[in-house]
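K.L.:
What follows is a predicted structure for the sequence shown.
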Amino acid sequence: MPQIAQMAGLGYRNVVPFRRTAVTFEAPVGSNLHHWPMTFDVAETFYFKPEARKVMVLP
C-alpha cells in the first residue's frame, strides 16, 4: 500500500483495508426509496439505506 500513496504524491497513511459484508434486496412493493433515510441502530452496529433502487444493509 505505501507504493500507491507514494504514486499519488502522499505520505504513508497506515490505512488497512478490511472486508465488509453488504446485502442488497428489493424494497417492498410500492415503496418510494427517495424518501427513505440512511438508518443506524442506536449502537451503530448496522445500518440500512437506499442504494441503486434497492435496500442495502451492512452489519
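P.N.:
Yes, it's here. Numbering: from 1, shown residues only.
K.L.:
Contacts only, for Phe18.
P.N.:
Listed by Cβ atoms under 8 Å, 6 or more residues apart in numbering, the contact set of Phe18 is empty. (C-beta placed from N, C-alpha, C; glycine too.)
K.L.:
Can I get stretch 50-59 in PDB, CA atoms only?
P.N.:
Extracted C-alpha coordinates of stretch 50-59, given in PDB (Å, rounded to 0.1, in the frame of the first residue of the first chain):
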ATOM      1  CA  PRO A  50     -31.500   3.000  -0.300                       C
ATOM      2  CA  GLU A  51     -28.900   2.100  -2.900                       C
ATOM      3  CA  ALA A  52     -29.400   1.700  -6.700                       C
ATOM      4  CA  ARG A  53     -33.200   1.200  -6.400                       C
ATOM      5  CA  LYS A  54     -32.700  -1.500  -3.700                       C
ATOM      6  CA  VAL A  55     -32.100  -1.600   0.000                       C
ATOM      7  CA  MET A  56     -28.600  -2.100   1.300                       C
ATOM      8  CA  VAL A  57     -27.900  -3.500   4.800                       C
ATOM      9  CA  LEU A  58     -24.400  -3.500   6.300                       C
ATOM     10  CA  PRO A  59     -23.700  -5.200   9.700                       C
END
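K.L.:
Strands of the protein, start to end?
P.N.:
Per DSSP state E, the chain carries strands over the ranges 23-25, 39-40, 47-51, 54-58.
K.L.:
now the third one: mean pLDDT?
P.N.:
For strand 47-51, mean pLDDT rounds to 95.
K.L.:
Also the shortest one?
P.N.:
In this model, strand 39-40 has an average pLDDT of 96.
K.L.:
Repeat that for the first one.
P.N.:
Regarding strand 23-25, the rounded mean pLDDT is 95.
K.L.:
For it, which strands pair with it and how are they oriented?
P.N.:
Note on strand 23-25: by DSSP bridges, its sheet partners are strand 54-58 (antiparallel).
K.L.:
For the partner strand, what does the pLDDT average out to?
P.N.:
Here the average pLDDT along strand 54-58 is 95.
K.L.:
Can you list the buried residues in that strand?
P.N.:
Across strand 54-58, burial judged by 16 or more other Cβ atoms under 10 Å covers Val55.
K.L.:
And for stretch 43-52?
P.N.:
Buried residues in stretch 43-52 (16+ other Cβ under 10 Å): Phe48, Pro50.
K.L.:
Cool, thanks, talk later.
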